[in-house]
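**Q** Need a 3D model of the sequence below.
(2 chains)
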2 protein chains.
Amino acid sequence: MVYRIPDDGDTRQRAVCPSCHTIHYENPLNVVGTLPFWGAEGEKVLLCKRNIEPRRGYWTLPAGFMELGETTSEGAARETDEEAGAQIELLGLYTVMNVARVSQVHFYYRAKLLSDHFEPGHETQEAKLFEEHEIPWDDIAFKTVKSTLEAYFSDRKVGHFGIHTIDVA
Amino acid sequence: MVYRIPDDGDTRQRAVCPSCHTIHYENPLNVVGTLPFWGAEGEKVLLCKRNIEPRRGYWTLPAGFMELGETTSEGAARETDEEAGAQIELLGLYTVMNVARVSQVHFYYRAKLLSDHFEPGHETQEAKLFEEHEIPWDDIAFKTVKSTLEAYFSDRKVGHFGIHTIDVA
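**A** A predicted model of the protein is given here:
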């Protein structure tokens, strides 16, 4: 693969196969997940301890790369099942975060847990409910997870959950 | 390239090079654009007549594929410059739309036009302002553009512009 500007009016360098001339476009990736909450007042949230790199051993909300043919909400529900084995009722889109440094857009949906029984998959060491004062803030895997948790506990106090758009450095 | 399930715990078929075994992941694409409005009450919107396929000759809002290293809002502003040469003040995220059939997510931002002078690029035949009753509804290029325009003219009547999440068939 060589990087050059294609001859089709494009203005950017693309990865081009020097043999067959196929242009391999590289584009931003979407990460989709949920913020699953539990309790009469949604006072607990579900975190998963990662069993895979990157950030193995750190805590995350259930999330992963969006796949072809699914919507962001379908992907978020799928990842919640795969990583936590959690039963949820998916609610609205909650955070839309750009992480331009790694060319990613992260989407989190609020999700009401229907049970506090979890069946984590092989990517998760442990799935566990946390109240706000129990959150392991120093051991959160990703900034977008931290931002989503902060927004949730802040919005809970005023009882209104709008959609947050955040640019993460 | 052959399609098979990689040996790394994945559960889906991926495009794999049979010679070097590189896995070429294929993921959903993001389309980013703006809804540029003009007039004391935002009563006119800017549409661009497409000069390229698909949907050449049909009208669209300025939008295109998000590039590596940019945020959704930066991409939306870039496309507005490239396709319409319009001077804007970018406002908030307005519509987030899934088009799962083609594995795309479309994002439109509201944008206040600072001038009614446009300099369309080579991808645009004509850039023109339309009031609601002038919109060529039968000649709109894409469903996501139509949905975004409908949301705008509906929200204008009540004076509140929230973020709309829409699944497009």
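**Q** only C-alpha atoms for contact and neighbour calcs from this point on.
**A** Will do.
**Q** Identify each buried residue in stretch A:99-112, please.
**A** Residues A:99-100, A:103-112 are the ones in stretch A:99-112 that count as buried (16 or more other C-alpha atoms under 10 Å in any protein chain shown).
**Q** Run the chain-centre distance for the longest helix seen in chain A.
**A** Longest helix in chain A, counting residues (DSSP state H): helix A:143-158. Relative to the centre of its chain, helix A:143-158 is centred 14 Å away, using C-alpha atoms, centre = their mean, to the nearest Å.
**Q** mind listing the helices for chain A?
**A** Under DSSP H, chain A gives helices at A:72-84, A:143-158.
**Q** Deepest-packed of those, please.
**A** Counting by mean count of other C-alpha atoms under 10 Å in any protein chain shown, helix A:72-84 has the highest mean neighbour count of these, with a mean of 24.
**Q** What strands line up against the helix or strand of chain A at the bottom of the mean pLDDT ranking, and which way round?
**A** Of all helical and strand segments in chain A, the minimum by mean pLDDT, DSSP states H and E falls on strand A:23-24, at a mean of 82. Take DSSP bridges as the rule and strand A:23-24 pairs in its sheet with strand A:14-16 (antiparallel).
**Q** picking up where we left off before, go through the helices of chain A and name the closest to chain B.
**A** The closest of these to chain B is helix A:72-84. By C-alpha to the nearest C-alpha, the value is 7.0 Å.
**Q** could I have that closest one exported to PDB, CA atoms only?
**A** Output in PDB follows, covering the C-alpha atoms of helix A:72-84 (Å, rounded to 0.1, in the frame of the first residue of the first chain):
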ATOM      1  CA  THR A  72     -25.900   3.100  17.000                       C
ATOM      2  CA  SER A  73     -28.700   2.000  19.400                       C
ATOM      3  CA  GLU A  74     -28.600  -1.600  18.200                       C
ATOM      4  CA  GLY A  75     -24.800  -1.700  18.600                       C
ATOM      5  CA  ALA A  76     -25.000  -0.200  22.100                       C
ATOM      6  CA  ALA A  77     -27.600  -2.900  23.100                       C
ATOM      7  CA  ARG A  78     -25.400  -5.700  21.500                       C
ATOM      8  CA  GLU A  79     -22.300  -4.600  23.300                       C
ATOM      9  CA  THR A  80     -24.200  -4.400  26.600                       C
ATOM     10  CA  ASP A  81     -25.200  -8.000  26.100                       C
ATOM     11  CA  GLU A  82     -21.800  -9.200  25.000                       C
ATOM     12  CA  GLU A  83     -19.700  -7.500  27.700                       C
ATOM     13  CA  ALA A  84     -22.000  -7.600  30.700                       C
END
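**Q** Against residue A:11, how distant is the most far-flung residue of chain A relative to its centre?
**A** Distance to the chain centre peaks in chain A at residue A:19, reaching 37.4 Å (criterion: C-alpha atoms, centre = their mean). Using C-alpha to C-alpha, to the nearest Å, residue A:19 is found at 22 Å from residue A:11.
**Q** quick revisit: so which of the buried residues of stretch A:99-112 reach chain B?
**A** Counting by C-alpha under 8 Å from any C-alpha of the partner chain, A:99-100, A:103, A:105 from those sit close to chain B.
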